[in-house]
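>>> Would you be able to build a 3D model of this:
(2 chains)
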Amino acid sequence: MRKKIRVWFATGICAAAAALICAPLLMIPSGSLMDSVEMRRILAPILGEGKGFAVWHLIPFYPTIGHFYRLLIESPAFYQLFWNTVGMTAAILAGQLVVGLPSAWAFAAFRFRGRDFLFGLYVVLMLLPFQVMLLPQYIVLQKLQLYNHPAAVILPAIFSTFPVFIMYRGFTQIEGEILEAARLDGAGEMQIFLQIGLPLGKMGIQAAIVLSFLEYWNLVEQPMAFLEEQAMWPLSLYLPQIAVSQAGFAFAVAVMVLIPALFVFALGQDALEEGIAYIGVKT
Amino acid sequence: MESKKKLWKGFAVFMTAMLIMTYVSRIVYVSQMPRIRWTNPVAASIQKKLQVDGTVEAVHSQAVTGLEGLLVKKVCVAAGDRMEAGSVLYEVDTEDLQAQLAGLNAQEQAWQQQEQVRRRDAATNTTRAQEDYDMSVTELDRKIAEETKKLEELMEDLDTHMFRIPEEDASDEIWIAWADERQRFDREIAEKKRAIEDVQLEKEKILRQADRDIEDARRAQNAAESGLDMGVAGISQVRERQERIAFLTELLLEEGRVKAKEEGTVLEVMVQSGMRMGSEAVIRYADDESGLLFSTVITQEQKSMLHTGDSVRLSFPGSSEEASETVDSIVQENGAYTVKIYLDAGVGRGRTEGVMEVTTTSEIYDYVIPLKALRDEGGKCVYVLEEKNGILGTEISARSLTVRLLDQNEDYVAIADELLAGDMKIVTECDKELANGMVVKEWGE
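Model (predicted):
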């Protein structure tokens, strides 16, 4: 009986915590359908126009699709930034596969001099926060005349060490005997990589892709630092352009930004869990 | 695995929808964008063309006065028409004319009959006065003759009495009786003489009165015969009636057609069919001897383009005639200016309206733009195009620029160069209302 009470108590605490965590997520769809007047009345205390606390309505009194109409029909800037983000993310992911995949395979499949040092360097680079790398990256990009160019965001991201680490962890799950047997059977290294490494390390690759997507889809600091022209910005910089008085519109933008991330999350959920497990192994 | 496929399909549909909506939103965005045409400012001079309508009229115009009381049947001329001596100006209604003539004739006839009666009465009065005079003379002469006869008898009786003088020794009584008798005679003679004198005086008086009556009657008769008794007004009235009868008779013979007496150009017709005329002018015309005057009114702003002595071009609507004339005077009247141009001989003949044109050319200004590019938004301003970098890339936006005007005409305006550059693109046309910073697109062909 006491055990049952403990379970109920724990469940209640978890449910309350979950509700608290999910509350902002629930505000997004309700806010996107909320009339501007109602939104203004609710946010009045936050905007300094009223007293007391802001009380959110999960179900709007005056629901409207006006914000979505304005966003989807009358805001070509949104699409410009959306496709910028799509292009930027796709380029980064493709680059990471081209550059990071062989690197991860090399670390996992070969033993060579300086491997441990090099891998340690990768881990150190991975742990360095962006703010530390900002100035060196800025100087390098200036020298390469890539400042204020999409490549200023894409190139550093392509050479990110985090996906290499994730994919490396995926490749290390392949038994060494399998690779040795293949070599004994006369398979070349490229053949082994393509026919054994990639299929067996698929989950690690997918995890790296999903995690990278989620990271670069919401990229804020790098474009803000390296891209001056708004026309090159990703979607993540669109929200700060929207005034607080247009909160409903901002919620609609948030909904649209969320959709691709949800798709990718749903498609790569299994791999993501495994990738997170790899990180757990790492840590 | 199946759910993954559905997710992939959903993701593909989402991305496709986003792609389609990208185009839709672009189309909507562009369709709401103002379309503009632009031009660069150019260095040029401003040509000002003053074109004003005016009237052409004779310096000294003549008038055809109306035939008072007559009904107009048809007007045969219009303003601007050329008329020759003898040409028909208008026709009066002959039936109305005949009716009026009949009325006047009846009046004349009645008057003449009345006049005959009056003359006859005057003659009768004269005759009667003469008869009265004659009768008075006869009567009074008879009375005088009677009194004279009585006096003579008394004188004879006195003489007889004087012969019957008493003897010297007659008694006093006899003497007294004789003397009394003589005194009686003397008294009666004296009375008779006075009576004769009285009758003569009365005769003079009566004859004088009768003479006056005769004179009055004769004067009245003479006046009646001569018509002087009607007075000046009466005579004038009769004369007018007779003249009108004569005129109307003549007009009737012409079948009611009123003709021009001299040649000239009709300036104005103030009569129309069906109108009964008054005594005022019905047609105004310029004879060929008098010159023509073009006059018009210009504003103070237009006055700056025109000065006395300037050469102007005159044209006349409805004709290809054009002439170069000189401004003779510009007079300020009630805040406006009246321009007068005395036309050369033969110019504007037969015209009532004209158009004056004069063109002036200014100095060369550095920045001249079409007038339609100039906007009034609390002050004179133009919109210049600028490239603007935004989320959608490089777009063209319109920026409002306040300008100072130097000169302008109906099509172009010269503006000061404080803020302008020759390569600036100035918006000349826009299909929507512009606002500062608004993104625009160029008008396609």
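>>> how about the strands in the stretch 51-200 of chain B?
Secondary structure of the stretch 51-200 of chain B (DSSP state E, counting those that start in this stretch): strands located at B:62-65, B:72-75, B:82-83, B:88-92.
>>> Deepest in the core, which of those strands is it.
The highest mean neighbour count among these, using mean count of other C-beta atoms under 10 Å in any protein chain shown, belongs to strand B:88-92: a mean of 22. For every residue, glycine as well, the C-beta is placed using N, CA and C.
>>> Who are the packing partners of that strand?
strand B:72-75, strand B:257-259, strand B:281-287 (3 or more C-beta pairs under 8 Å, 6 or more residues apart in numbering or on different chains; DSSP states H and E).
>>> Tabulate those strands in JSON lines, adding columns for mean pLDDT and distance to residue B:225.
Listed next are these as JSON lines, based on pLDDT from 0 to 100; distance: least, C-beta to C-beta, whole Å:
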{"stretch": "strand B:72-75", "mean pLDDT": "90", "distance to residue B:225": "42"}
{"stretch": "strand B:257-259", "mean pLDDT": "89", "distance to residue B:225": "38"}
{"stretch": "strand B:281-287", "mean pLDDT": "83", "distance to residue B:225": "41"}
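>>> Comparing the ones you listed, which comes out most buried?
strand B:281-287 (a mean of 21).
>>> how much space between residue B:48 and chain A?
47 Å (C-beta to the nearest C-beta, to the nearest Å).
>>> how about that residue, phi and psi?
Here is the backbone geometry of residue B:48 (degrees, to the nearest 10): phi -110, psi 130.
>>> Pretty sure it sits against residue B:362.
Yes. Using C-beta atoms under 8 Å, residue B:48 makes contact with residue B:362 at a distance of 7.2 Å.
>>> which residues touch the residue nearest to residue B:211 when sequence neighbours are not counted?
Ranked by C-beta to C-beta, 6 or more residues apart in numbering or on different chains and with sequence neighbours excluded, the top spatial neighbour of residue B:211 is residue B:133, at 6.5 Å. Neighbour list for residue B:133: B:207, B:210, B:211, B:213, B:214 [criterion: C-beta atoms under 8 Å, 6 or more residues apart in numbering or on different chains].
>>> filter those to the buried ones?
The neighbour-count test (16 or more other C-beta atoms under 10 Å in any protein chain shown) marks B:210, B:213, B:214 as buried among those.
>>> so the second one touches residue B:129, yeah?
Yes. Residue B:213 lies in contact with residue B:129 (C-beta under 8 Å); the separation is 4.2 Å.
>>> Turn the strands of the stretch 51-200 of chain B into TSV, including distance to residue B:436.
Formatted as TSV, those follow (distance: least, C-beta to C-beta, whole Å):
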stretch	distance to residue B:436
strand B:62-65	64
strand B:72-75	63
strand B:82-83	63
strand B:88-92	67
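>>> Do me a favour and get the end-to-end distance for stretch B:280-299?
For stretch B:280-299, the first-to-last residue distance is 34 Å (C-alpha to C-alpha, to the nearest Å).
>>> let me redo that: stretch A:193-200
10 Å.
>>> Work out the gap between that stretch and the centre of the chain.
26 Å (C-alpha atoms, centre = their mean, to the nearest Å).
>>> Report the buried residues of it.
Buried-residue list, stretch A:193-200, by 16+ other C-beta under 10 Å: A:193, A:196, A:197, A:200.
>>> which phi and psi does the nearest residue to the second one once chain neighbours are set aside have?
Sequence neighbours aside, residue A:182 is the residue nearest to residue A:196 in space, at 5.8 Å (criterion: C-beta to C-beta, 6+ apart). Note on residue A:182: its backbone torsions stand at phi -60, psi -40 [degrees, to the nearest 10].
>>> So what's the residue count around residue A:182?
17 (other C-beta atoms under 10 Å in any protein chain shown).
>>> What residues of the helix ranked longest in chain A count as buried?
Of all segments of type helix in chain A, defined using DSSP state H, the longest is helix A:76-109. Neighbour counts using 16+ other C-beta under 10 Å place A:76-86, A:88-89, A:91-93, A:95-97, A:100-101, A:103-109 of helix A:76-109 among the buried residues.
>>> any idea which helix or strand comes after it?
helix A:115-127 (DSSP states H and E).
>>> other SSEs contacting the next helix-or-strand element following that following helix?
Downstream of helix A:115-127, the next assigned helix or strand under DSSP H and E is helix A:130-143. The contact analysis (3+ C-beta pairs under 8 Å, 6+ apart) places helix A:130-143 against helix A:151-158, helix A:221-226.
>>> dump the residue contacts of the nearest residue to residue B:283 once chain neighbours are set aside.
In space, residue B:283 comes closest to residue B:64 once its chain neighbours are excluded; the distance is 4.1 Å by C-beta to C-beta, 6+ apart. Under the criterion of C-beta under 8 Å, 6+ apart, the contact partners of residue B:64 comprise B:89, B:258, B:260, B:281, B:282, B:283, B:284, B:285.
>>> any idea of the pLDDT on residue B:64?
Residue B:64 carries a pLDDT value of 85.
>>> do the same with residue A:279
62.
>>> Please apply the same query to the one 3 residues further on.
Turning to residue A:282, the model gives it a pLDDT of 45.
>>> doesn't residue A:253 make contact with residue A:31?
No. When contacts are counted by C-beta under 8 Å, residue A:31 is not listed as touching residue A:253 (10.6 Å).
>>> what residue ranges in the chain score low on pLDDT?
You didn't say which chain, so I picked chain A. Chain A contains residues with pLDDT under 70 at A:278-283.
>>> hm, I was asking about chain B
B:1, B:227-230, B:288, B:445.
>>> chain center to the helix of greatest length in it: distance?
For chain B, the helix with the greatest residue count under DSSP H is helix B:94-163. Its chain's average C-alpha position is 57 Å from that of helix B:94-163, according to C-alpha atoms, centre = their mean.
>>> what angle do that helix and strand B:88-92 make?
For helix B:94-163 against strand B:88-92, the angle by axes from the mean of the first three to the mean of the last three C-alpha atoms, to 10 degrees is 70 degrees.
>>> Close to chain B: what parts of chain A are there?
A:72-83, A:86, A:229-231, A:233, A:238, A:241, A:259-260, A:263-264, A:266-267 (C-beta under 8 Å from any C-beta of the partner chain).
>>> residue in the stretch 101-250 of chain B nearest to chain A?
residue B:248 (87.9 Å; C-beta to the nearest C-beta).
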